[in-house]
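J.: Coordinates for the following, if possible.
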Amino acid sequence: MDYSSAIAISSAGMQVERARLDVSAINIANAHTTRGVNGGPYVPLVALARSGKSFLKTYEALQQHRSMPEVNVIRQTQSVPRMVFEPAHPDANVDGFVAYPGVDTVKEMVNMMTAVRAYEANVVAINAAKSMAMKAIDLGNGA
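T.: Have a look, this model is predicted:
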């Protein structure tokens, strides 16, 4: 029996969750960045998970030893900057308002927690597949 497909599927899931965690960390780190590369405030990112194929097609591809499809897409959000009255700030406009990124720190923390839990679930799935493979080997050895 081939248990590598279960490991490959869970590994792809781990990569998606790692990307979600990284994006949330970047957004939180830049929550107060008022001047980005475009001259305006930092624009938050979002990690989207997309399946390149249906599950059945992916499963069939794994059976034929093809690689998993790329599942991560990271793009900028359409969030509106948060305007704060700080006339002494160097990035304040003529009215004294500073544009801060539209980062929702609480939402990002929740995204991080769910990404960590989903990552852990994928680790459990990999360990279960490894355990099943080891038990099959033990049975084959007459143990």
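J.: quick one: least confident helix or strand in this protein?
T.: In the chain, no helix or strand scores lower on mean pLDDT, DSSP states H and E than helix 55-63, which sits at a mean of 60.
J.: What separation do you get for residue 48 and residue 142?
T.: 49 Å (Cβ to Cβ, to the nearest Å). Every C-beta, even on glycine, is put in place using the N, C-alpha and C of the backbone.
J.: which residues does the closest residue to residue 6 other than its chain neighbours contact?
T.: Distances taken as Cβ to Cβ, 6 or more residues apart in numbering place residue 129 nearest to residue 6, at 4.0 Å, with adjacent residues excluded. Contacts for residue 129 (Cβ atoms under 8 Å, 6 or more residues apart in numbering) come out as 3, 6-7, 10.
J.: Give the single residue among these positioned nearest to residue 136.
T.: Nearest to residue 136 among the contacts of residue 129: residue 3, at 7.9 Å, using Cβ to Cβ.
J.: Isn't that closest one up against residue 133?
T.: Yes: here residue 3 reaches residue 133: they are 4.3 Å apart, a contact under Cβ atoms under 8 Å.
J.: For residue 139, see how far away the most centrally placed residue in the chain is.
T.: Residue closest to the average C-alpha location in the chain (Cα atoms, centre = their mean): residue 20, at 1.7 Å. According to Cβ to Cβ, residue 20 stands 38 Å off from residue 139.
J.: For stretch 103-110, buried residues please.
T.: Neighbour counts using 16 or more other Cβ atoms under 10 Å place 103-104, 108 of stretch 103-110 among the buried residues.
J.: I'd like the mean pLDDT over that stretch, please.
T.: Average pLDDT, stretch 103-110: 97.
J.: Show residues contacting stretch 25-39.
T.: Contacts of stretch 25-39 (Cβ under 8 Å, 6+ apart): 41-45, 89, 91, 98-101, 103, 105, 108-109, 112.
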